[in-house]
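# sequence first, then the predicted structure, then my questions.
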Amino acid sequence: MLIGVYGFTDKRPVIYALLKLLQATGDVALFSNNRHYKRLLENGESQGHMANILISVSDASPDEIFEQVGYTVDDFEHIIFDMQDTIPDNLSLVFYVKSFSPNEDEQSFLEILGAYTTIKMTYDGKREKEAINVLPISQLWRSIEEIETYHILSPMPSVNLNKGLAAMLAPKLNIKLKTAMTILTRRWNK
């Protein structure tokens with residue numbers, strides 16, 4: 001499954017929850033130009049593995065990245081593209097992580113994306129209809145720090161995020177909703 005995650009805000013809570021769920025069902029790759037993901041790798045490398053997850057931090061385009069990392073699309077069951085301005089071909093799902101109203105550039109990019117699911121980080125306290133609404137509480141950011149410090153995929157302390165991702169991905173992964181929720185909320189062992 002090819003998944004694009006787009007947005008001009010910090011997408012790590014969403015991407016870490018996706019990694020947690022997807023890694024339980026096969027090999028995963030995460031491609032991003034966000035330098036924060038280097039914290040998941042030993043010695044701050046730009047490319048490496050965390051269990052069965054390949055992480056590559058690069059400015060390469062989606063077309064160039066596979067040549068750079070030495071793998072092919074077929075080497076992974078799931079690939080996550082942390083997108084900022086380039087849209088990979090043949091995406092199965094697109095998540096738009098939103099904080100405040102999009103600016104003109106962001107709105108133009110959204111129109112090109114086509115169908116997507118909005119995950120709203122409710123910094124402004126305004127819930128959005130038909131979106132997965134996530135409260136950016138301190139425990140959420142604490143989990144991010146724990147994941148990056150200890151290289152473990154801790155559960156995201158957001159019931160709405162976990163339920164929303166489980167409901168959306170369980171059918172695509174051919175697992176039960178309850179199984180998806182269990183994966184998302186259990187402690188992680190390498």
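Yep, that arrived.
# next, give phi and psi for the closest residue to residue 11 other than its chain neighbours.
Excluding the flanking residues, the one nearest residue 11 by C-beta to C-beta, 6 or more residues apart in numbering is residue 97, at 4.6 Å. Backbone N, C-alpha and C define where each C-beta goes, glycine included. Dihedral pair for residue 97: phi -90, psi 120, per degrees, to the nearest 10.
# quick check: residue 97 touching residue 6?
Yes: between residue 97 and residue 6 there is a contact at 7.1 Å, judged by C-beta atoms under 8 Å.
# check what pLDDT the closest residue to residue 84 other than its chain neighbours gets.
With sequence-adjacent residues excluded and distances taken as C-beta to C-beta, 6+ apart, residue 84 is closest to residue 33, at 6.6 Å. On pLDDT, residue 33 comes in at 93.
# so how many other residues sit close to residue 33?
Residue 33 is flanked by 15 other residues according to other C-beta atoms under 10 Å.
# could you pull up phi and psi at the residue nearest the centre of the chain?
Among the residues of the chain, residue 15 comes closest to the average C-alpha position under C-alpha atoms, centre = their mean, at 2.0 Å. The phi/psi pair for residue 15 (degrees, to the nearest 10) reads phi -70, psi -40.
# distance of it from residue 96?
Computed as C-beta to C-beta, to the nearest Å, the residue 15 to residue 96 distance reads 13 Å.
# correct me if wrong: residue 31 contacts residue 81.
Yes: A contact is recorded between residue 31 and residue 81 when judged using C-beta under 8 Å, the distance being 5.4 Å.
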